[in-house]
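> when you get a sec, could you give me coordinates for this:
(2 chains)
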Amino acid sequence: MTHTGPPKLELVSLRKEYDGGDVVAVENLNLSVQPGETLAILGPSGCGKSTTLNMIVGIETPTSGDVLIDGVSVLDQPAGRRSVGLVFQDYAVFTHMTVAQNLAFGLKVRGVAKSEIARAVGETADMLGLTGHLNLRADRLGGSELQRVAIGRTLVTKPALLLLDEPLSNLETEMRAAMRRELRRLQQEIGLTIIYVTHDQIEALSLAQRIAVMSHGKLRQCATTDVVYEQPAHTFVAGFIGAPPMNILHGAFETRNGESAFVAGPVKIDAPSGFGPGPSHRRGLMGVRPDAITLAAPAEGAATATVRRIEPLGAEAVLTLDINGQHLAATAPARNCPSEGDHVALMFDHDRVAFFDADSLRNLRDVTA
Amino acid sequence: MTAPALQMTRITRNFGALTALDGIDLTLEQGAFVALLGPAGAGKTTTLRIAAGLEVPDSGQVLINGQDATALAPKDRDVAMIFDSLALYPHKTGFENIANPLRLRGLDRQTISAQVDAVAQTLKIGHILGRKPRTMSGGERQRIALGRALVRDPAFFLLDEPLSSLDAKLRVELRAELRRLQRERGASFLYATPDYSEAMAVADSVVLIFDGQVRQVARPQVLYDRPADTRVACFVGAPEINLVEADYDPADGGRLLLGGLMTQASPAHHHLFNGTPHRFEAGFRPEQILIAPPGTEGANGKVLDSEPLGLKSAITVETSAGPLRASVPEHIGAQLGIGAPVAVSFDVEHSLCFDPQAGTLLER
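Prediction:
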């Protein structure tokens, strides 16, 4: 990124404890978000993502660490003063008010002049396609329109940062897809800096440039979506992202004649030389995405697996393969898909495997030998 | 031949002026895994409640293991029902929750203990038997609920969106668990879900209902490849199928006019329409809309939206045949920015033909 000023948002060694330190909700969290970037914070319920959001907004106070917006600490500013717009799941739209009154609300309480309010409301409604609804009462609107009003109410105040907390989880599948499209358009058109908290990986993959994956209060990885997908920093990330998730094979690294390979039963894959000499027969894990496995007719020298189960998805099917008692998921086109009980040879896309340390469960790329 | 575990015949149920079920026929063979698929309000839960005896049909018959059970009370049916909102006893441990139905039957302590242990082993929940529900994760609670149903060894299981509150990874695990129970214990399952991908992944056979009526009964892949009509075609598959008004013209070896786009017809079209001009509705799945590599000449469309979804990207292209949804590998999708010109073509060979009025699938 060519940006030279301070990051839009910076979290520095952020920590939040409850019950006098018995529960650590967020631990040593370091993260920065650049202007115009969309970052998704992804994780299962209880991972600390909402607590993190609340500390950015100012609803919760960190036990230690700092929150900087445009390079300035905002910890001493109350929630209402931090130029941060928050939109959450239960879009708190005033249903007895019209759309226009809802949009105007935030500016009115700030004492903005009437003419300026009218201008800002008109502009925001235009951007969100709400112009035709301005005089409708909010209780006449459908779910996705309500959510647009909720976003509009926040945008009209021109926040430095827009925080979205599971904003689409109350909507039906089709509405969700439409809102995702809407958000992508807003990103492109107004270059907002957005932090998007979700447990839904599709939302994260489809909207964010980078994804921060959290579990148990810790940041497991923060990287571009393709890096998170192809080279997860931790087996937790490998298992959390992707449907079906990344396969993890248990095996060992073996070095022979200076060449190192990962071996798991009949599977043998060249291991990149960058992993350093390391002890021979060091235990390890290999991660491979279901679509990085190609099936072929059984052949001499190739690892063979038995097809245990076929789950059709439509254009493709997910196959459960049994290879020496370890189960792997692989995708195959629904046409000319093998049958249950068939023996097939497996070919792995060598550029798309990741290796993990057997003890720390971290990606070996990130672990210095 | 053994009688089916459950057979429902011409079931109707009205709630006041509202017809919830309008002549449902449904068969669950012994050891089968059937998904009951339909949108919210289609009648899935009412069907399950009638099978369980929680609801009495206005007309029709329910047979369980070949015996008429239409008027039987729930407790006399030997049926286990598992809901999404599972009701575990909060003050009881995992063990006590599972043991409860056996206690009600008055079994002795040793038998109860042995049966709970056996179920716990199947479900790999031995380590949480001593804990109370509030200290368990969602998946653990779901397994305890499953254990409580399993321990009764019922005639069949009714599952009402049992996994909808769980995250993706757990869902995959528990689905595999249910399949294993079907395989190893010969258990029969009727599984209601509004999610076509869940239905396809878990079931041997899918019963699709709309508005209280069965629209199609088929194996999962058939449901996708040969949907009975355009409504089924739209409900099954994401991104949604593209429906395009099409004209078949037998001239020049047969061609299709799709909006303003022209493409070669397949021999199947010639056969279907007897070599005479014909108007129909063409159905193209997103993988049947082919996007040429970026930079290819002859662009006939413009990218409206490009959504990365992990392995695949969903691309919407504006063409003279209307907006078309295509599914492309993610690395291709990443090169297609909004507004980019693209060349679109059609996989005519595998496309579907529907009657332009009734919307029914035209068999080829």
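> give me the helices and strands touching the least confident helix or strand in chain B by mean pLDDT, please.
The helix or strand of chain B with the poorest confidence is helix B:168-185; it has a mean of 80 (mean pLDDT, DSSP states H and E). Packing partners of helix B:168-185 (3 or more Cβ pairs under 8 Å, 6 or more residues apart in numbering or on different chains; DSSP states H and E): strand B:33-37, helix B:109-123, helix B:138-150, strand B:189-193, helix B:196-202. Any C-beta I mention is one placed from the backbone N, CA and C, and that applies to glycine too.
> and A:V112, helix, strand or coil?
Under DSSP: H, G, I helix; E, B strand; the rest coil, the three-state class of A:V112 is coil.
> now do the helix of greatest length in chain A: distance to the chain's middle.
Using DSSP state H, we find that the single longest helix of chain A is helix A:173-190. Mean C-alpha position of helix A:173-190 versus that of the full chain (Cα atoms, centre = their mean, to the nearest Å) differs by 16 Å.
> that helix and chain B, are they touching?
Yes. Residues of helix A:173-190 are located near chain B by Cβ under 8 Å from any Cβ of the partner chain, namely A:173, A:177, A:180-181, A:184, A:188.
> avg pLDDT for the helix or strand containing B:F95?
According to DSSP states H and E, B:F95 maps onto helix B:94-104. Regarding helix B:94-104, the rounded mean pLDDT is 92.
> surely B:L309 touches A:L205?
Yes. Counting by Cβ atoms under 8 Å, B:L309 touches A:L205, with 6.1 Å between them.
> the two: who's more crowded?
A:L205 (24 against 17; other Cβ atoms under 10 Å in any protein chain shown).
> assign a three-state SS to the more buried one, would you?
helix.
> next, the spatially most distant residue from the centre of chain B: secondary structure please.
Most distant residue from the mean C-alpha position of chain B: B:D252, 41.8 Å away (Cα atoms, centre = their mean). Classification of B:D252 using three-state DSSP returns helix.
> how close does it sit to chain A?
28 Å (Cβ to the nearest Cβ, to the nearest Å).
> hmm, back to that, buried subset of the residues of helix A:173-190 next to chain B?
Buried members of those, scored by 16 or more other Cβ atoms under 10 Å in any protein chain shown, are A:177, A:180-181, A:184.
> closest to chain B among those?
A:R181 (5.3 Å; Cβ to the nearest Cβ).
> what's the pLDDT at the closest one?
pLDDT, A:R181: 79.
> contact partners for it?
By Cβ atoms under 8 Å, 6 or more residues apart in numbering or on different chains, A:R181 lies in contact with B:305, B:307.
> do that again at 6 Å, thanks
Counting by Cβ atoms under 6 Å, 6 or more residues apart in numbering or on different chains, A:R181 touches B:D305.
> B:L290: neighbouring residues, count only.
Neighbourhood size, B:L290 [other Cβ under 10 Å]: 13.
> what parts of chain B come near chain A?
B:167-169, B:172, B:200-201, B:220-221, B:224, B:237, B:287, B:305, B:307-311 (Cβ under 6 Å from any Cβ of the partner chain).
> how does it look with 8 Å?
B:138, B:167-169, B:172, B:176, B:179, B:197, B:200-202, B:220-221, B:224-225, B:236-239, B:285-287, B:305, B:307-311, B:327, B:330, B:338.
> any of these buried? List them.
Listed as buried from those are B:167-169, B:172, B:176, B:179, B:197, B:200-202, B:220-221, B:224-225, B:236-239, B:285-287, B:305, B:307-311, B:327, B:330; burial here means 16+ other Cβ under 10 Å.
> element containing A:G106?
Assigned by DSSP H and E, A:G106 falls in helix A:99-109.
> quick check: mean pLDDT across that helix?
For helix A:99-109, the per-residue pLDDT averages 92.
> elements contacting it?
helix A:114-127, helix A:143-155.
> tell me the contacts of the closest residue in space to A:L134 that isn't next to it in sequence?
Excluding its sequence neighbours, the residue lying closest to A:L134 (Cβ to Cβ, 6 or more residues apart in numbering or on different chains) is A:A100, at 4.3 Å. Contacts for A:A100 were tallied using Cβ under 8 Å, 6+ apart; they are A:121, A:125, A:134-135.
> what stretches of the stretch 151-300 of chain A score poorly on pLDDT?
Where the stretch 151-300 of chain A drops to pLDDT under 70, the residues are A:170-174, A:273-281.
> which residue ranges form the helices in it?
With DSSP state H, counting those that start in this stretch applied, the stretch 151-300 of chain A shows helices at A:173-190, A:201-207, A:225-230, A:235-240, listed in chain order.
> looking at the ones you listed, which is nearest to A:A302?
helix A:225-230 (23.6 Å; Cβ to Cβ).
> give me the residues contacting the closest one.
Contacts of helix A:225-230 (Cβ under 8 Å, 6+ apart): A:204-205, A:208-211, A:213, A:221, A:237, A:241-242, A:289, A:352, A:354, B:308, B:310, B:330.
> now with 7 Å?
By Cβ atoms under 7 Å, 6 or more residues apart in numbering or on different chains, the surrounding residues in contact with helix A:225-230 are A:205, A:208, A:211, A:213, A:221, A:237, A:241-242, A:352, B:308, B:310.
> leaving out chain neighbours, which residue sits closest to A:L42?
A:L42's closest residue in space is A:A204 (Cβ to Cβ, 6+ apart), at 4.5 Å.
> quick one: the one you found from A:V213, how far?
9 Å (Cβ to Cβ, to the nearest Å).
> who touches both of these two?
With contacts taken as Cβ under 7 Å, 6+ apart, A:A204 and A:V213 have A:L42 as neighbours in common.
> what about A:E17, how many residues nearby?
16.
> residue contacts, it?
A:23-24, A:63.
> put the alpha carbons of stretch B:357-364 into PDB.
The C-alpha atoms that make up stretch B:357-364 are tabulated as PDB, following Å, rounded to 0.1, in the frame of the first residue of the first chain:
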ATOM      1  CA  GLN B 357     -46.000 -21.100 -19.700                       C
ATOM      2  CA  ALA B 358     -46.200 -23.900 -17.100                       C
ATOM      3  CA  GLY B 359     -42.400 -23.800 -16.300                       C
ATOM      4  CA  THR B 360     -42.200 -27.600 -16.300                       C
ATOM      5  CA  LEU B 361     -39.100 -29.300 -17.400                       C
ATOM      6  CA  LEU B 362     -39.200 -30.500 -21.000                       C
ATOM      7  CA  GLU B 363     -37.700 -34.000 -21.100                       C
ATOM      8  CA  ARG B 364     -35.200 -34.500 -23.800                       C
END
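> tell me the mean pLDDT over that stretch?
90.
> element containing B:D247?
strand B:242-249.
> can you tell me the closest non-neighbouring residue to A:T51?
A:A25 (4.4 Å).
> cool, thanks, talk later.
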